[in-house]
Each structure stands twice: as structure tokens, then as C-alpha cells.
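Undergrad: Turn this into a model:
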Amino acid sequence: MRCESVSEQLSAHFDGELSQTLSHEIDLHVGQCTTCREELDSYARISRLVGQDWNGSQPPPWAAFAAKLQTEHAMTENVSGNSPAARKRQSMVKDILIIAASLAASIAIFTWSWRASPAPEQVADAGHRHLAERPLHATSISFQDTVSLQQEDTELAMRALAKKYAGREASADEVVKQVGFRTLVQSPLPSGAKLISTQLLTLPQCACVAGECMCGPGDCNCVACVCERPDGSTFLVIEQCSGQSVDFGELPVRLVQHGDHELHVTGNEQGLAVAWTANQTRKIAIGLRDLNEMDRLLAAN
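TA: This next block holds a predicted model:
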């Protein structure tokens, strides 16, 4: 087998997803090829990093995970080979390690507990209500499908949201007028990203106490934005008042306390999805790459 073919299948090989015959052929190649063996070893390092247990009553500080990330990043520099194919594989390994280390850092910061978010209840009354007191059981909007679609195509995820929640294009001034606050995307975005599209959405319910938001009368206003990095990759930012509950459906979610923010995090090697509440608004970022992007968005609150 050629290195290029082996490299493309190493992840599936490590996860045990290939046939016995193909796995045997890859094992034979890896046994003779230093470059591919080092690349396969990198997947083992990722597995150890993500699955690492942290002892003690207090978790390591956020900075410790940044240092861990840098260490794992530096380890990829040792992947040998100066050919274009080797450099391509080295770049891929770096990207995977960065994402995995970022997810591991997000996962282990505080009391990580796997939990499947409850499936959203059926909306019995789509009318917007401002209440004197918060209801005990607020209807929750699931963004599980949005997370899955964003991993395929951010614009596709945006179109699906717009179709489901009566979305329409809006200017920055109109957004502020409708939702009553400056959005995250009106501040400098992480990774040099820029805003490329904005949709005003209508969510089915607001459970805010009277005077807490500017949604009513009517349904709950929400803004969804597609942001593009200089390399052409994109991520999604969604914001609305805190009265509309949201979740990530059946995706595994972990809770992280980062500074003043309680983060609800889910993700895989394709990116992170994070939900949090700040300044009486609920925010969701889908498709983040790493800790730096997360921190920049948190700092914009």
C-alpha cells in the first residue's frame, strides 16, 4: 500500500472500523514505514488526551490545558518526512491534535459529567408569553440537527434554521432594534473572521419575566449569523433572550465553569458547539475550532 492511501484510512483503522483484511494490510505497512507509524501513534496520543482522568478535588486551571495543548502540538513536529505528502499528513495531524486537545480542555476543566439533554417537548402553544413568574417547565429548542448540518455546511444549517423559524435577512441596525442588544458578531470576531450573513428568526416561546427582554408582543426574536474565517471555513453564532430554553438534543453535553460562565459543550474532531448565558441573553456558537475562538467570543460579552 502507498503512504497516501494508508494515511487516509489510519483514523478508521485506529477506531477498528475497517475490515480485517484491510487492517492487516495497514498493519504490515505501518510496521515498515516510520512516518505512518508516527502518525498512527498520534491517534493514540489523542485518545489518551481526551480520555485522561484528572485526580483531586480541584481541577487544573484553564492555563494548564493551554499548556497541554501546546505540548501535544509540539509533538507533531517530530513527524518525519519532507515530501509534500508527508507535510500534508503532518498538517492534518496537527489540526486533529489541536481540535482534540481543545475539546479535552473544555471537557476536563470542571466537573465534567456526560449527560444526554432531554428531547425537546412539543410546543403546545406557539404564542409568545411574558410571565409574572418563570414557568417550571419551559419548552426547549433542540439544536442537535443544526450541529450536524453545520459539520456538513454552515450555510445549509443556516437555511434549515431560516426555514424552520421563519428567518429573514436583516441589517445590524434592524437586529439591535428587534432583539434589544448588540450581538457578539458586532464585536471583533475570533480568528480574523467576518460576518457574511444574518437571519432574524422567530422562536416559538419566551418565558422571560415582564421587562427582561424586548421580544413581545409576539414570538421570541432570535438572530443567527454565519461567520467566515480568512481560510474560507465558517461557523455559526445564534443569540436570543434568555427566556427561550435551548439544548443539544441527544448529543452528549458536558458542563464547564469557565470564569463567570457556565458552558454547555458538545463536539468532536469536526468542531465544538457551545451554549452559555450572559447579560440576560442566551448564546450558541457552533463549529468553533479551539479554545482561542471560544475565549474570544466569551470576552465579547
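Undergrad: Buried residues in stretch 192-201, which are they?
TA: The neighbour-count check on stretch 192-201 (16 or more other CB atoms under 10 Å) flags A193, L195, S197, T198, Q199, L200, L201 as buried. No exception for glycine: its C-beta is placed from N, CA and C like everyone else's.
Undergrad: repeat for stretch 225-242
TA: Using 16+ other CB under 10 Å as the test for burial, stretch 225-242 gives 225-229, 234-242.
Undergrad: go on, stretch 147-160?
TA: By 16+ other CB under 10 Å, the buried positions in stretch 147-160 come out as V147, S148, L149, Q150, Q151, T154, A157, M158, A160.
Undergrad: looking at this, the fourth one is in a helix?
TA: Yes - counting by DSSP: H, G, I helix; E, B strand; the rest coil, Q150 is located in a helix.
Undergrad: Quick check: what element follows the least confident helix or strand in the chain by mean pLDDT along the chain?
TA: Ranked by mean pLDDT, DSSP states H and E, the weakest helix or strand in the chain is strand 115-116, scoring a mean of 38. Following strand 115-116 in sequence order, the next helix or strand is strand 140-142 (DSSP states H and E).
Undergrad: Quickly run through the sheet partners of that following strand, with directions.
TA: Applying DSSP bridges to the sheet, strand 140-142 is found paired with strand 245-247 (parallel).
Undergrad: tell me what the helix or strand following the strand it pairs with is packed against?
TA: Of the helices and strands lying after strand 245-247 in sequence (DSSP H and E), the nearest is strand 252-258. Contact partners of strand 252-258 among helices and strands, from 3 or more CB pairs under 8 Å, 6 or more residues apart in numbering; DSSP states H and E: helix 84-108, strand 115-116, strand 261-268.
Undergrad: and strand 252-258, which residues are buried?
TA: Applying a neighbour-count criterion of 16+ other CB under 10 Å, one finds V253, R254, V256, H258 buried in strand 252-258.
Undergrad: L291 is in contact with the last one, correct?
TA: Which is H258. No - H258 is beyond contact range of L291, at 9.6 Å (criterion: CB atoms under 8 Å).
Undergrad: still on that earlier bit, ranking the helices and strands packed on strand 252-258 by mean pLDDT, which is last?
TA: Ranked by mean pLDDT, the helices and strands packed on strand 252-258 bottom out at strand 115-116, which scores a mean of 38.
Undergrad: residues near G267, how many?
TA: Neighbourhood size, G267 [other CB atoms under 10 Å]: 25.
Undergrad: and it, bridged to which residues?
TA: Beta-bridge partners of G267, as defined by DSSP bridges: L272.
Undergrad: Secondary structure class of K163, three-state.
TA: When classified by three-state DSSP, K163 comes out as helix.
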